[in-house]
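Undergrad: Fold the following for me, if possible:
(one chain, ligands or ions: 1)
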Amino acid sequence: MKPLIFTQHASADLIEKITRQVKGEIAQCENHEFPDGESYIRIHNECTNRCAIIIANLHQPNPKILPLIFLCETLKAQGIKSITLICPYLPYMRQDIQFKPGEGITSRFFAKLLSTYVDRLITIDPHLHRYDSLNEIYTIPSTVIQAVPKIVNWIKENIERPLIVGPDNESEQWAALAADIIQCPYIIFEKNRFGDKDVQVSSSQAGQYKNRTPVLVDDIISTGRTMIKTAEALVKEGLSAPVCIGVHAIFSDDAYETMKQSAIRNIITCNTVPHQTNQIDLSELLAAEICALN
Ligand code: R5P
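TA: Residues are numbered from 1 along each chain as shown. Got it, this is the predicted structure:
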């Protein structure tokens, strides 16, 4: 029997592309919000012994979590065999340590919660910094897809003589891989964050690459300050305004407008989070993993 596909806040374009490739059945799920803000959910499909796939966009996660839990509980109550969560952007990965006494390590709490309700997780470039693998915090099987091959294709098609730039140590995993595939140089900046929008980057070896087009590659664009500060530093060192590529287009508050007014030439993102900068389509990678299930 075809898997039942449920969607929560995912972009219509991504859903359409995935479902076309996966050949699942789009589920009929009725959701209603009562005047008091509480939720009603009803699934109209026969669920017994079927597999469910939930494609969920979980950026700005808090208001989206309870509806997701209610959906999972309803599916289980209807006899669903398994629930696979396709979560292109996996939130709550950045608090991966107690930076100050008394802090909650929310990445662990969130992993525990999701592991309770879903049977499998498929995601794209989660922020694995101090964790080597999702298995350290998730107790369900998980698949991590890398966006780099698609990012590399975009760079090859659009940029001549690139210099790949990672704005901080964490980004070296993507920058180094991209540079290796393209066969071009890469540099990594040192970043210090003093507050949500207070970021400083230290100068790098960029000056020797003035004849190349800098291409910043990072996983998350949230406030945009990491990209903005790195772009400023590159221009200060005599390079041209960089192209910025982010996997996850979070763009909190005024991030996008502020970035457009900065020393950045162009902003490109993958379609893990719907945004007007989405130019790199990852639906094929997601669909391939879904088709490989079972
Ligand atoms: C953190 O280290 C991530 O890899 C990104 O560099 C970070 O989340 C970007 O955040 P923002 O856009 O707020 O500077």
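Undergrad: contacts for stretch 65-77?
TA: 6, 8, 29, 31, 39, 41-43, 47, 52, 54, 56, 58, 83, 85, 113, 117-118 (Cβ atoms under 8 Å, 6 or more residues apart in numbering). Quick note: C-beta positions are derived from backbone N, CA and C, even for glycine.
Undergrad: Kindly give a single ChimeraX line that selects the buried subset of these.
TA: Buried subset of the contacts of stretch 65-77, written as a ChimeraX selection, criterion 16 or more other Cβ atoms under 10 Å:
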select :6,8,29,43,47,52,54,56,58,83,85,117,118
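Undergrad: Around the ligand, which positions in the stretch 101-250 of the chain sit nearby?
TA: 127, 167-168, 170-171, 199, 218-226 (Cβ under 6 Å from any ligand atom).
Undergrad: Only whichever of the residues you listed are buried, select them in PyMOL.
TA: Buried subset of those, written as a PyMOL selection, criterion 16+ other Cβ under 10 Å:
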select buried, resi 127+167+168+170+171+199+218+219+220+221+222+223+224+225+226
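Undergrad: So which of the residues of the stretch 101-250 of the chain next to the ligand is the closest to residue 284?
TA: Nearest to residue 284 among these: residue 219, at 19.5 Å, using Cβ to Cβ.
Undergrad: shouldn't that closest one be in contact with residue 168?
TA: No - Residue 219 is beyond contact range of residue 168, at 10.3 Å (criterion: Cβ atoms under 8 Å).
Undergrad: And the residue sitting furthest away from the middle of the chain, how far from the ligand?
TA: In the chain, counting by Cα atoms, centre = their mean, residue 35 sits farthest out from the average C-alpha position, at 33.0 Å. As judged by Cβ to the nearest ligand atom, to the nearest Å, residue 35 and the ligand stand 37 Å apart.
Undergrad: shift numbering so it begins at 51
TA: Yes, from this point I'll number from 51; that puts the last item at residue 85.
Undergrad: Check whether that residue sits in a helix, strand or coil.
TA: coil (DSSP: H, G, I helix; E, B strand; the rest coil).
Undergrad: do you know how far it is from residue 124?
TA: Distance of residue 85 to residue 124, computed by Cβ to Cβ, to the nearest Å: 21 Å.
Undergrad: How about residue 258?
TA: In terms of Cβ to Cβ, residue 258 sits 59 Å off from residue 124.
Undergrad: which residues sit in contact with residue 79?
TA: So residue 79 contacts 56, 91, 92, 93, 94, 121 (Cβ under 8 Å, 6+ apart).
Undergrad: Go again with 6 Å.
TA: Residues in contact with residue 79, defined by Cβ atoms under 6 Å, 6 or more residues apart in numbering, are 56, 93.
Undergrad: So what does it look like in phi/psi?
TA: Here is the backbone geometry of residue 79 (degrees, to the nearest 10): phi -120, psi 120.
Undergrad: Residues in a beta bridge with it, which ones?
TA: residue 93 (DSSP bridges).
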